[in-house]
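# Just to be clear, the model below is a prediction. Sequence and coordinates:
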Amino acid sequence: MEILLSIVPISAFFMGAIHIGTCPANEGVTYLVYITGIAGVFLIGCHIAYNFTKDRKEEIRNGIKTFQIITAILLMLEMFIFYSMSPSFENSENYCDETFYNYTFYMNIAAAGIVFLSVLLQYTSCKHLVDNEAF
């Protein structure tokens, strides 16, 4: 599952790296997509390490929690900045590469969907465990 979910952060890393400097409308967005991709790949690597290690699980779990918070903050910041800009796809000061803009637009939707499904699955899973323990 982690390998399948790694598609989004890996693609964010590459799209951010390739398109740095192609969105003068807000240059920070390209850097945030790039950094969020790096953080997401590292987070998935931590999850994989956690699944395969027998020692230091608590340290890895704490690292995962920290990186989840960092990645979530970066993603929210990127979404806020991205959706507050109104780019032009023609050469102007509000220019943003159309490929990068479309990628970021749909990547944000996919990321929000993944987060929503993760929270939903986590909530229903925990609720099921709590209900079983109560009886």
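Received, thanks.
# you'd agree residue 42 is up against residue 67?
Yes: counting by Cβ atoms under 8 Å, residue 67 is a contact partner of residue 42 at 6.2 Å. Where you see a C-beta, it was placed from the backbone N, CA and C, and this is true even at glycine.
# nearest residue to residue 60 other than its sequence neighbours?
residue 50 (4.6 Å; Cβ to Cβ, 6 or more residues apart in numbering).
# How about residue 75?
residue 36 (5.5 Å).
# Tell me the first helix or strand C-terminal of the host helix or strand of the one you found.
Under the criterion of DSSP states H and E, residue 36 resides in helix 27-52. Following helix 27-52 in sequence order, the next helix or strand is helix 57-84 (DSSP H and E).
# Which positions in that following helix come out as buried?
60, 63, 64, 67, 71, 74, 75, 78, 79, 82 (16 or more other Cβ atoms under 10 Å).
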